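structure, please.
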Amino acid sequence: MGGQRGSGVRVVVDPDLCGGHGVCQTEAPEIFRVVDQPGGYAHVEVILERPPAELLDKARAAARHCPNRVIAIVED
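As a prediction, this is how the structure comes out:
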């Protein structure tokens, strides 16, 4: 079984509290994508749930700067 080896952490977002500001996508576009909702507001999707070690600083920056504080970096 091949594939990219993660860093031992997961990126988790609470979609119910996400305001779709896009700060996370700006900080870590490899990990987050903001998606417009027809008839609603934008929200974030995690596109790389288990980022490699070289992206951990970006993931942590996204969590730190999230206006709604809905991003968690969870150690496995």
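
check contacts around A42.
G20, G22, V34, V35, D36 (Cβ atoms under 8 Å, 6 or more residues apart in numbering). Backbone N, C-alpha and C define where each C-beta goes, glycine included.

CSV for these, including distance to R64?
Shown next, in CSV, are these (distance: Cβ to Cβ, whole Å):
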residue, distance to R64
G20, 18
G22, 15
V34, 18
V35, 22
D36, 25
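
possible to save those residues as a markdown table with pLDDT?
Shown next, in a markdown table, are those (pLDDT from 0 to 100):
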| residue | pLDDT |
| --- | --- |
| G20 | 92 |
| G22 | 95 |
| V34 | 94 |
| V35 | 93 |
| D36 | 89 |
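
out of these, which end up buried?
The neighbour count (16 or more other Cβ atoms under 10 Å) marks G20, V34 as buried among these.

between the contacts of A42, which is closest to P52?
V34 (21.8 Å; Cβ to Cβ).

next, the closest one: secondary structure please.
strand (DSSP: H, G, I helix; E, B strand; the rest coil).

where's it relative to G8, distance?
26 Å (Cβ to Cβ, to the nearest Å).

pLDDT below threshold where in this structure?
1-6 (pLDDT under 70).

determine the longest helix present in the protein.
helix 56-65 (DSSP state H).

show me the contact partners of the next helix or strand after that one.
Following helix 56-65 in sequence order, the next helix or strand is strand 71-75 (DSSP states H and E). Strand 71-75 has contacts (Cβ under 8 Å, 6+ apart) with 8-14, 24, 56, 59-60, 62-63.

now strand 71-75 and helix 56-65, what's the angle there?
140 degrees (axes from the mean of the first three to the mean of the last three Cα atoms, to 10 degrees).

partner strands of strand 71-75, parallel or antiparallel?
strand 9-13 (antiparallel) (DSSP bridges).

residues making contact with the partner strand?
24, 31-32, 44-46, 48-51, 56, 59, 63, 70-76.

which among those residues count as buried?
Applying 16+ other Cβ under 10 Å to the contacts of strand 9-13 flags 24, 31-32, 44, 46, 48, 50-51, 56, 59, 63, 70-71, 73 as buried.
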